[in-house]
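Undergrad: Fold the following.
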Amino acid sequence: MNIKSKLILIALLAGTVAVSGCNNKNRKAEGAEIGNGGVSTAGTGTGFGPDGKPLGDWQSGASAELLSQTRVYFAYDSSALDPDSLAIAEAHATFLRDSPSTKVVLEGHADERGTREYNLALGERRAQSVEDVFIALGVSPANIEKVSYGEENPIAEGHDESAWRLNRRVEIRYDR
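TA: Below you'll find the predicted structure:
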C-alpha cells in the first residue's frame with residue numbers, strides 16, 4: 001500500500017470516527033431516574049428476547065436474574081470486567097450461544113471526563129471487552145454489533161462519582 005493510499009485510508013477512518021460521534025441527542029436509558037440529587041437504577045433490566053418478552057421470562061433462577069441485567073459497569077478509565085459484570089456478560093453469552101438467530105448490539109459508554117475522542121475509544125474498548133467474552137463462550141461474531149457513544153448518552157446527569165459510575169457502562173441490547 002503506497003503512502004497516498006494510507007493517507008486516504010487514515011482520512012476516511014478519521015471521518016468515520018468524527019461522524020459516529022455526532023449524536024447530540026441526550027437520551028436517558030430506560031430505568032434511570034434522577035430526583036433530589038439521587039440516582040435510581042430501578043428497572044435496569046431492559047433486555048428483550050426475539051419475541052419481545054423480557055429476557056428474565058426466558059430463564060429461571062440465577063440465570064434469569066443475570067439476564068435481566070443489561071448493563072455492565074466499569075471502573076474509572078478501565079475496560080476490564082469485574083466479577084459481577086463478567087457474570088452478567090457470561091449469562092448473556094450463554095443465552096446468545098443457545099439462540100443462534102438472536103443478534104445483539106453492545107453500546108459502549110463513558111463518563112464526561114476525558115476528551116470526546118478518548119471517550120469514544122474507551123467506549124469501544126469496553127464494548128470489545130464484552131464482545132470478547134461472548135466470542136470466547138461461542139457466540140458468533142456475525143451476531144454482535146458494537147457501537148461507542150463515548151460520553152454522549154449519559155443516564156445520570158450529575159458531575160460527581162455517583163453519576164459517573166453509572167455512565168461508565170456497556171448496554172446489551174437485543175435486536176427485535
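
Undergrad: What ranges does the protein have for its strands?
TA: 33-35, 38-40, 71-73, 104-109, 144-150, 169-174 (DSSP state E).

Undergrad: how about TSV for the ones you listed, with mean neighbour count, distance to Asp98 and mean pLDDT added?
TA: (Glycine included, C-beta is placed from N, CA and C.) What follows is the strands of the chain, written out as TSV (neighbours: other CB atoms under 10 Å; distance: least, CB to CB, whole Å; pLDDT from 0 to 100):
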stretch	mean neighbour count	distance to Asp98	mean pLDDT
strand 33-35	12	33	35
strand 38-40	14	32	33
strand 71-73	22	20	97
strand 104-109	23	13	98
strand 144-150	20	15	97
strand 169-174	24	14	96
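
Undergrad: Leu106 contacts Asn143, correct?
TA: No: the pair Leu106 / Asn143 is not scored as a contact, 11.0 Å apart, by CB atoms under 8 Å.

Undergrad: before we move on, back to that, what's the closest of the strands of the chain to Ala163?
TA: Closest to Ala163 of the strands of the chain is strand 38-40 (CB to CB; 6.3 Å).
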